[in-house]
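**Student:** I'd like to go over a predicted model; first the sequence, then the structure.
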Amino acid sequence: MEDIDLLKTQLNNPSKIVITTHHKPDADALGSSLGMANYLIKKGHRVQVITPSEYPAFLHWMKGNDDVLIYSDEAHAKCEELMEKADIIMTLDFSVLSRINVLGEMVRSAKGFKINVDHHLDPEDFADFRLWNTGAAATCELCYELIIALGDENLIDKDIAECLYAGILTDTGGFRHPNTTQNVHEVVSKLIAHGADNSRISKNIYDKNSVDRLRFLGYALNQNLEVLMDKRVAFFALSQEELRQYNSKTGDTEGLVNYALSIEGITLAALFKEADDGIKISLRSIGEFPANEMAGRFFNGGGHRNAAGGKVETSLAEAVDLFKTAIEEYKEGLQEEYKKV
Ligand code: 5GP
Ligand code: MN
């Protein structure tokens, strides 16, 4: 953690604060944003959360959700004005400005004091205060630690605790991934002590399926899942037509890639999803296999070692071909990892 006294001074006077997070916010992105927003409002600041895009309905329960400004062409001028006038800009759960689309340039040229809290490996450093720890499971874990370091544990209420809990829950894959450390459990126990209803949060996040979504899961597992067992790879490639047929909404394919990774003997799983502007790729791996490196080298992306993603402007078939090339390059690594578990 950098100079905490500098940050304390910045937060001493009531300020205009903008909080932003990465494209297609997940529970860690939105949970850290709304957790910090609720906390900073309690400290007497005026806070606006801006997201670069919409996010799944299973996150809408978080306190402050209704006040989030979602970027769109129509909202462009408003976002620009808020960024320009902000005394403080807080960027959460990402550290490369290109991850927030056009908002990135707004942040870069804004005059306010910039804070970045993140646990990704990406190197860009644009902030005046940075709390950056790639060993943290979630940005929400770091936000909890930041509030403690600022001496404000007494301000953490049920709403704040629930937002932060949600991000830790999902970024650890429900406390299953190797990033589920002792510290994670300690932080989570504190959040429960502050009022987080852990069972209700799990229900809200994992068990609010629409029937369409479950039918789509059945379809994808039956018709779409491709398993290359000799390569230790399994993947889904979903066309826009298939997504439309099942009325797929933002967040509906979340977690799908994990079904491919759950197959015994698989080292790497992928999901290819066709969109208007290209193919979105999600990669998940086990053990030491560097999904982030593959995402960087082949798919203009990055992320964590075991969970990464990217995007290419090709057809679905071309993206899958590219993946097959990538698999060839990594064939030794793919053969190593599944044996270790
Ligand atoms: P998901 O597969 O859930 O979209 O993304 C998993 C992780 O991969 C994210 O937490 C993020 O770290 C990383 N990621 C996903 N898409 C991109 C991308 O386009 N660029 C970069 N740099 N990272 C990405
Ligand atoms: Mn995160």
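**Tutor:** Everything's here; your move. Numbering: from 1, shown residues only. Ligands and ions are numbered 1, 2, ... in the order given.
**Student:** give the helix, strand or coil label for Val18.
**Tutor:** strand (DSSP: H, G, I helix; E, B strand; the rest coil).
**Student:** let me see the backbone angles for Phe113.
**Tutor:** phi -70, psi 130 (degrees, to the nearest 10).
**Student:** touching, it and Gln10? I think so.
**Tutor:** Yes: contact criterion CB atoms under 8 Å: Phe113 and Gln10 qualify, at 5.2 Å. Placement of C-beta: from N, CA and C, glycine included.
**Student:** overlap of the contact sets of the two?
**Tutor:** Both Phe113 and Gln10 are contacted by Ile88, Phe129, under the criterion CB atoms under 8 Å, 6 or more residues apart in numbering.
**Student:** Ile201 and Asp159: what is the separation?
**Tutor:** Using CB to CB, to the nearest Å, Ile201 is found at 12 Å from Asp159.
**Student:** same check on Ile100?
**Tutor:** Ile100 is 25 Å from Asp159, by CB to CB.
**Student:** of Phe113 and Gln10, who's got more company?
**Tutor:** Neighbour count, other CB atoms under 10 Å: between Phe113 and Gln10, Phe113 has more, with 20 against 17.
**Student:** now for the worst-scoring helix or strand of the chain on mean pLDDT, which elements pack on it?
**Tutor:** Scoring the helices and strands of the chain by mean pLDDT, DSSP states H and E places strand 302-303 at the bottom, with a mean of 89. If you count contacts as 3 or more CB pairs under 8 Å, 6 or more residues apart in numbering; DSSP states H and E, strand 302-303 packs onto helix 291-299, strand 307-312.
**Student:** what does it contact?
**Tutor:** With CB under 8 Å, 6+ apart, strand 302-303 has contacts from Val96, His120, Leu121, Asp122, Leu283, Ala291, Asn292, Ala295, Gly296, Ala308, Gly309, Gly310.
**Student:** next, see if that strand gets close to ligand 2.
**Tutor:** No: Strand 302-303 lies apart from ligand 2 when judged by CB under 5 Å from the ion; the minimum separation is 9.5 Å.
**Student:** between Ile201 and Asp159, who's got more neighbours?
**Tutor:** Here Ile201 and Asp159 are compared on neighbour count by other CB under 10 Å; more neighbours surround Ile201, at 22 against 19.
**Student:** how about the helix or strand containing the more buried one: buried residues?
**Tutor:** Using DSSP states H and E, Ile201 maps to helix 198-206. By neighbour count on 16 or more other CB atoms under 10 Å, the buried set for helix 198-206 is Asn198, Ile201, Asn204, Ile205.
**Student:** again with stretch 291-304
**Tutor:** Ala291, Asn292, Glu293, Met294, Ala295, Gly296, Phe298, Phe299, Gly301, Gly302, Gly303, His304.
**Student:** just the mean pLDDT for stretch 242-255, thanks.
**Tutor:** The average pLDDT within stretch 242-255 is 90.
**Student:** OK, contacts around the residue nearest to Ala137 when sequence neighbours are not counted?
**Tutor:** Spatially, and ignoring its direct neighbours in sequence, Ala137 is nearest to Asn179 (3.9 Å; CB to CB, 6 or more residues apart in numbering). Shown in contact with Asn179 (CB under 8 Å, 6+ apart): Ala136, Ala137, Asp171, Thr172.
**Student:** which bits of the stretch 1-150 of the chain sit near ligand 2?
**Tutor:** Asp28, Asp93, Thr139.
**Student:** residues near Thr9, how many?
**Tutor:** Neighbours of Thr9 (other CB under 10 Å): 11.
**Student:** measure the nearest residue to Leu238 once chain neighbours are set aside to Asn116 for me?
**Tutor:** Closest residue to Leu238 apart from its sequence neighbours, by CB to CB, 6+ apart: Lys273 at 5.1 Å. As judged by CB to CB, Lys273 and Asn116 stand 28 Å apart.
**Student:** nearest residue to Lys231 in space, please, no chain neighbours.
**Tutor:** In space, Lys231 is closest to Ile327, 5.5 Å off (CB to CB, 6+ apart).
**Student:** pretty sure Ala110 sits against Glu80.
**Tutor:** No: the criterion here is CB under 8 Å, and Ala110 misses it with Glu80 at 9.2 Å.
**Student:** what sits against the residue in the chain positioned nearest to ligand 2?
**Tutor:** Nearest to ligand 2 in the chain, going by CB to the ion, is Asp28, at a distance of 3.4 Å. Neighbouring residues of Asp28 by CB under 8 Å, 6+ apart: Asp93, Ala138, Thr139, Cys140, Ala166, Gly167, Ile168, Thr170, Asp171.
**Student:** do Lys331 as well
**Tutor:** Lys231.
**Student:** and the pLDDT at it?
**Tutor:** 97.
**Student:** residue ranges in the protein under the pLDDT threshold?
**Tutor:** Within the chain, the stretches with pLDDT under 70 are 1-2.
**Student:** so what are the domain limits for it?
**Tutor:** 4-206, 211-340 (automatic domain parsing).
**Student:** how about these in JSON lines, adding distance to ligand 1?
**Tutor:** Below are those laid out as JSON lines (distance: least, CB to the nearest ligand atom, whole Å):
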{"stretch": "domain 4-206", "distance to ligand 1": "5"}
{"stretch": "domain 211-340", "distance to ligand 1": "2"}
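**Student:** right, I'll leave it there.
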